[in-house]
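Participant: Let me see the structure of the following:
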Amino acid sequence: MNRSPNKRTDDDRPAIWTGYGKLVKLFREEAGLTQQQLADAVGYSYEQVASIEQGRRPAKSAFTEAAERALSARGALRALQEGVDLAKFPAFFQDFAMIELEAVSRFAFEPQVIPGLLQTEAYARAMLTGHYPPPDNETIEQWVEARLERQKLLTRTPVVDLSFVLGEPALHCPVGGPDVLRAQLLALLQIRTLRNVEVQIMPTSYGYHPGLNGPMVLLETAEHRHVGYIESQDVGVVISDPEKVSAFGLRYGRLRSEALNGEESARLIERAAGEL
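Facilitator: A predicted model of the protein is given here:
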């Protein structure tokens, strides 16, 4: 098969995109509109509307809201938007992304790079463009959009308790080049001012600590379900076994206690940014 494994074809279009597109077409035809007339009504191009109806392109929230009004869809399209957005993620991440929507707390350790929830658009694009095998440009844009959309978790109501412990190497790995990294570090300093977000740095000089076994996420849902998540080399695993999740909690508690506190971490981030 002579195509990138990261490029979507008509055969592997997410079913939710296809179903959403069929529903748009049904409402459009019931309203007596052509694709061009709908495009004019929602402020999109004819090609974009055609692609959405055919399930080749995912609808953005702005399209959905405009189409709801233009087609009197009575909330039917809006009800599908969450699923449309989830399908933009790589398949291995979609199960955890769905659980993450229900989070009341989320604690994460990342040793090497800035985690997705904290990434600037430029940093995220550099990370995803460097993926191998190389994704096509459309897939990269969908992944970037989905990653930035996830960041609503930072400011969502009800508030989510968020803790990030980052390995010091993440402050120095020049993803996207020095300018992109500097902007990312300054963004970290801004994010840490949110009252529900804590960012701590684990200094390299500390030596051995539980995080050296790799990155991990510990999450609690509104129903008080506790899950862990680990990811490496395009493989993501949701962990629900109580004993294993408990071990994650113990390890994260140790990491949090051994890392620099918030103010010390901020000073280290400022120093790293100043060196670029």
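
Participant: Now do the helices in this protein.
Facilitator: Under the criterion DSSP state H, the chain carries helices at the ranges 15-30, 35-42, 46-53, 61-71, 76-86, 91-100, 121-129, 137-150, 178-191, 242-258, 262-274.

Participant: how about those in JSON lines, adding mean pLDDT?
Facilitator: Listed next are the helices of the chain as JSON lines, based on pLDDT from 0 to 100:
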{"stretch": "helix 15-30", "mean pLDDT": "96"}
{"stretch": "helix 35-42", "mean pLDDT": "97"}
{"stretch": "helix 46-53", "mean pLDDT": "96"}
{"stretch": "helix 61-71", "mean pLDDT": "96"}
{"stretch": "helix 76-86", "mean pLDDT": "94"}
{"stretch": "helix 91-100", "mean pLDDT": "94"}
{"stretch": "helix 121-129", "mean pLDDT": "97"}
{"stretch": "helix 137-150", "mean pLDDT": "93"}
{"stretch": "helix 178-191", "mean pLDDT": "98"}
{"stretch": "helix 242-258", "mean pLDDT": "96"}
{"stretch": "helix 262-274", "mean pLDDT": "97"}
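
Participant: Let's have the ones you listed in TSV, adding mean neighbour count and distance to Arg225.
Facilitator: The C-beta positions use only the backbone N, C-alpha and C, and glycine is treated the same way. As requested, the helices of the chain are exported to TSV (neighbours: other CB atoms under 10 Å; distance: least, CB to CB, whole Å):
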stretch	mean neighbour count	distance to Arg225
helix 15-30	17	24
helix 35-42	18	38
helix 46-53	19	34
helix 61-71	18	27
helix 76-86	18	18
helix 91-100	17	8
helix 121-129	19	28
helix 137-150	17	19
helix 178-191	18	26
helix 242-258	15	10
helix 262-274	16	28
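
Participant: Out of these, which is closest to Phe109?
Facilitator: Comparison of the helices of the chain against Phe109 by CB to CB identifies helix 242-258 as nearest, at 5.5 Å.

Participant: Check which helices and strands that closest one sits against.
Facilitator: If you count contacts as 3 or more CB pairs under 8 Å, 6 or more residues apart in numbering; DSSP states H and E, helix 242-258 packs onto strand 103-110, strand 161-167, strand 197-202, strand 216-221, strand 226-232.

Participant: Next, the angle from it to strand 161-167.
Facilitator: Angle of helix 242-258 versus strand 161-167, following axes from the mean of the first three to the mean of the last three CA atoms, to 10 degrees, is 70 degrees.

Participant: Reformat the helices and strands packed on helix 242-258 as CSV; add mean neighbour count.
Facilitator: Compiled in CSV, the helices and strands packed on helix 242-258 are given as follows (neighbours: other CB atoms under 10 Å):
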stretch, mean neighbour count
strand 103-110, 20
strand 161-167, 22
strand 197-202, 22
strand 216-221, 21
strand 226-232, 18
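
Participant: Give the residue farthest from the middle of this structure.
Facilitator: Most distant from the centre of the chain: Gly32, at 37.7 Å, with distances by CA atoms, centre = their mean.

Participant: quick one, what contacts it?
Facilitator: Listed by CB atoms under 8 Å, 6 or more residues apart in numbering, the contact set of Gly32 is empty.

Participant: Dump the helices and strands packed on helix 242-258 into JSON lines; add mean pLDDT as well.
Facilitator: Output for these, formatted as JSON lines (pLDDT from 0 to 100):
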{"stretch": "strand 103-110", "mean pLDDT": "98"}
{"stretch": "strand 161-167", "mean pLDDT": "98"}
{"stretch": "strand 197-202", "mean pLDDT": "98"}
{"stretch": "strand 216-221", "mean pLDDT": "97"}
{"stretch": "strand 226-232", "mean pLDDT": "97"}
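
Participant: if we can go back for a sec, ok, the residue farthest from the centre of the chain to Leu38 distance?
Facilitator: Going from Gly32 to Leu38 by CB to CB, to the nearest Å gives 11 Å.

Participant: can you pull the alpha-carbon coordinates of stretch 110-125 into PDB?
Facilitator: Extracted C-alpha coordinates of stretch 110-125, given in PDB (Å, rounded to 0.1, in the frame of the first residue of the first chain):
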ATOM      1  CA  GLU A 110       6.200  14.400  31.500                       C
ATOM      2  CA  PRO A 111      10.000  14.000  31.500                       C
ATOM      3  CA  GLN A 112      11.100  15.200  28.100                       C
ATOM      4  CA  VAL A 113       8.700  17.600  26.400                       C
ATOM      5  CA  ILE A 114       5.900  20.100  27.300                       C
ATOM      6  CA  PRO A 115       2.600  18.100  27.500                       C
ATOM      7  CA  GLY A 116      -0.100  18.700  25.000                       C
ATOM      8  CA  LEU A 117      -2.500  20.500  27.400                       C
ATOM      9  CA  LEU A 118       0.200  23.200  27.900                       C
ATOM     10  CA  GLN A 119       1.500  23.500  24.300                       C
ATOM     11  CA  THR A 120       1.400  26.700  22.300                       C
ATOM     12  CA  GLU A 121       0.100  26.300  18.700                       C
ATOM     13  CA  ALA A 122       3.600  26.700  17.200                       C
ATOM     14  CA  TYR A 123       5.100  24.100  19.700                       C
ATOM     15  CA  ALA A 124       2.300  21.700  19.000                       C
ATOM     16  CA  ARG A 125       2.700  22.000  15.200                       C
END
